[in-house]
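1. Have a look; sequence and predicted model below, questions after that.
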Amino acid sequence: MAKQLTVFMENRPGRVNSVCDILEEQGLNIWAFTIQDRGDFGLMKLIVDKPDRAQLALADRGFACALKDVLAIIAPDKPGNLDRLTSALLEKHVNIKDMYGFVSPNDRQGLCFMEFENPDAVDIAELVAQYDFRVLSNEELYEL
Amino acid sequence: MDSMFWNRQVETLERTALETLQLERLRLRIANALRTPLYQKRLFRAGITVPEDIRSLEDVRKIPFTVKDDLRQSYPKGLLAVDMKQVVRVHSSSGTTGIPTVIFYTQGDLDRWTELLARGIVASGATAGDVFQNMMSYGLFTGGLGLHYGAERVGLTVIPVGGGNTQRQLQIMKDFQTTSLHITPSYLLHIHGRMAEFGINLSDLSLKRAYMGAEPHSEPTRQKLQELYKMDIFNCYGLSEMNGPGVAFECHCKADPHVWEDAYIVEIVDPATGEPLPDGEIGEAIFTNLIREALPLLRYRTRDLAFIHPEPCACGRTHRRLSRIQGRTDDMLIINGVNVFPSQIEEVLMSIPEVGNNYMIHLTSRNGLDRLTVQVELYQKLFTGDLSQIDTLKGTIKDRLRASITINAHIELHEPGALPVFEGKAKRVVDERERL
């Protein structure tokens, strides 16, 4: 499982930059990020190369932040692949709580981070394998 | 003109006779008070063991002050001076913490209180045939029922609508040709701004007067509201410890309310030393209730700062007039007419683990209504990373605040460490409301 770092932040100038500053100081690399805006505050979600270290560094500087397990699913960058993935999940009644993703332009691979309401209901790795998608292992994700 | 007096004899009683009456009644209340453990102990210590130990009205100063905390400590029945069987009504107000203060009334107590309100209503020119729309909330709060009974005694047609629901209020005003209102200044201001929205013009209404209480406001606000509604506005002052509204009421001169001195001894003291101040000087208003037997309160510290007018009023009443409240000696806030202590808010916040130790209370106003914003910090160690946790947390704070202070607060969550940290005395209340 991938570790997503969620950071609570007020909606005002400089807050995202503060997080990035701290991660930069630690020499940490950000692979993916998204922000959930809720008016006066927001949640920034990050996938970084060393999640535990990132959490410690941010908490040390006063941020309310938490780590949670999410699935990282890799799929070829082709039209319809996200539709295939979500259709397969629907068939098994898996409810998506949260998802975001991006395409790596060089190797034409799409990477999707997903959180499910009932993650143990079905073997996601097996489910996505039928389309040649893969759930990334920790070794692949966090190889040193 | 006699039509403006409910009880001309008492309302214009010559001062010496009024003071004799006060002394007589003070002794009755001392007798009541001596039946409660708290007063027995305190009065004994002050050398008062029987009512006759009060020899003159000046002797009132021998009596130790009573404070709100005494009422709290005595919750629920510690200050009850009669058999519970004689109690016909209970009112209550919120305390500075979770413990409320309770007031008991016998039938005689209610009758005597009602008389005072009848005086005030008649002094404003209202009479049988007037339609009285009572827009104060009913229930444990004394504001609603107090005026209700007074208006009925005078023979007004009473519409006990209570607070809120502007559209219904305006419809009732129009349909029943309401002439007299009992309302807070902020709500009166708010309603005016919404008349057009509900298709009501001032000419559809028959308003002649409003009784305005529960919230401090300035003379320009009164003038403005009188202008907006083309009606007379009368100030009244009261507090539940002294029965409720009607402790002091304005006459047609509208030159600050007359304290019904046959029912209350009012003193103005230096809040720091407790020493009496002459008429005209601002100090803390101290009241002794002379007309309630069920729960005697002697020399009660209101924490309200005010002064007494030294000059007599043109109306002929001999009862002295109390100024508008000039401030408070404590940190009590009045939010949309509700008394709120910051400590009540703090108590709620500190009972919720996910809330950090720092908080701020912001007050703003819009369209005449107050808005309470409570800013809290998210406690770092208990954050789970879920949005639902934050939504639930905000809801919990809001619900618990509503349960404690009856006000819907806007809750703002901040990052840990984002709110100011205070060294020494914290200044957690920021009041940016327009002064009424």
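-> Cool, the structure landed. Just so it is clear, the model here is predicted, and its values are computed rather than measured.

2. ok, now which ones touch the nearest residue to B:Gln177 once chain neighbours are set aside?
-> By the measure of C-beta to C-beta, 6 or more residues apart in numbering or on different chains, the closest residue to B:Gln177 outside its immediate chain neighbours is B:Ser206, 4.2 Å from it. Where you see a C-beta, it was placed from the backbone N, CA and C, and this is true even at glycine. By C-beta atoms under 8 Å, 6 or more residues apart in numbering or on different chains, the residues touching B:Ser206 are B:Val131, B:Gln177, B:Thr178, B:Thr179.

3. nearest to chain A, of these?
-> B:Thr178 (40.7 Å; C-beta to the nearest C-beta).

4. burial of the closest one, as a residue count?
-> Residues lying near B:Thr178 (other C-beta atoms under 10 Å in any protein chain shown) number 24.

5. In contact with the closest residue to it other than its chain neighbours, which residues are there?
-> Among residues not flanking B:Thr178 along the chain, B:Gln133 sits closest, at 4.3 Å (C-beta to C-beta, 6+ apart). Residues in contact with B:Gln133 (C-beta under 8 Å, 6+ apart) are B:Ile159, B:Val161, B:Gln169, B:Ile172, B:Met173, B:Phe176, B:Thr178, B:Ser180, B:Leu181, B:His182.

6. Now do the same for B:Gln133: helix, strand or coil?
-> Assigned by DSSP: H, G, I helix; E, B strand; the rest coil, the conformation of B:Gln133 is strand.

7. Which strand residues bridge the residue nearest to the spatial centre of chain A?
-> Residue closest to the average C-alpha location in chain A (C-alpha atoms, centre = their mean): A:Phe113, at 4.2 Å. Going by DSSP bridges, A:Phe113 is paired in beta bridges with A:Ala72, A:Tyr100.

8. Roughly how far does it sit from chain B?
-> With distances taken as C-beta to the nearest C-beta, to the nearest Å, A:Phe113 is found 14 Å from chain B.

9. pLDDT value on that residue, please?
-> A:Phe113 is assigned a predicted lDDT (pLDDT) of 95.

10. show me where chain A has strands.
-> Under the criterion DSSP state E, strands of chain A are mapped to A:2-10, A:30-37, A:41-48, A:65-76, A:96-104, A:109-116, A:134-135.

11. and chain A, what are its domains?
-> In terms of domains, chain A is parsed into A:2-69, A:70-141 (source: automatic domain parsing).

12. Single out the most deeply packed of these.
-> Ranked by mean neighbour count, the domains of chain A are led by domain A:2-69 with a mean of 17 (mean count of other C-beta atoms under 10 Å in any protein chain shown).

13. Any idea how far apart the tips of it sit?
-> Domain A:2-69 has an end-to-end distance of 6 Å (C-alpha to C-alpha, to the nearest Å).

14. which stretches of the chain have low pLDDT?
-> You didn't say which chain, so I picked chain A. Scanning chain A with the threshold set as pLDDT under 70 gives A:144.

15. please go with chain B instead
-> Using pLDDT under 70, chain B drops low at B:1-3, B:94-98, B:423-425, B:436.

16. Could you pull out the helices in it for me?
-> Using DSSP state H, the helices of chain B run over B:8-11, B:15-33, B:37-45, B:68-73, B:107-123, B:142-154, B:166-175, B:185-194, B:219-229, B:342-350, B:387-405.

17. which strands and helices sit next to the second one?
-> Of the remaining helices and strands, those touching helix B:15-33 by 3 or more C-beta pairs under 8 Å, 6 or more residues apart in numbering or on different chains; DSSP states H and E are helix B:37-45, strand B:283-289.

18. What strands line up against the shortest one, and which way round?
-> Each strand pairing with strand B:283-289, determined using DSSP bridges, is listed with its direction: strand B:264-269 (antiparallel), strand B:300-306 (antiparallel).

19. what angle do that strand and helix B:15-33 make?
-> 70 degrees (axes from the mean of the first three to the mean of the last three C-alpha atoms, to 10 degrees).

20. Ok, the first one next?
-> Here the directions of helix B:37-45 and helix B:15-33 differ by 120 degrees (the same axes, to 10 degrees).

21. Can you tell me what sits against helix B:37-45?
-> B:30, B:33-34, B:49, B:63-64, B:70, B:73-74, B:78-79, B:296, B:298.

22. would you put the C-alpha positions of that helix in CSV?
-> The C-alpha trace of helix B:37-45 is given here as CSV (Å, rounded to 0.1, in the frame of the first residue of the first chain):
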residue,chain,number,x,y,z
PRO,B,37,-28.4,28.8,55.5
LEU,B,38,-26.3,31.1,53.3
TYR,B,39,-28.0,34.4,54.5
GLN,B,40,-28.3,33.2,58.0
LYS,B,41,-24.6,32.8,58.2
ARG,B,42,-23.8,36.0,56.5
LEU,B,43,-26.3,38.2,58.3
PHE,B,44,-25.4,36.8,61.7
ARG,B,45,-21.8,37.6,60.9
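
23. How about the residues of chain A by chain B?
-> A:4, A:6, A:8-10, A:15, A:36, A:38, A:40-41, A:43, A:59, A:62-68 (C-beta under 8 Å from any C-beta of the partner chain).
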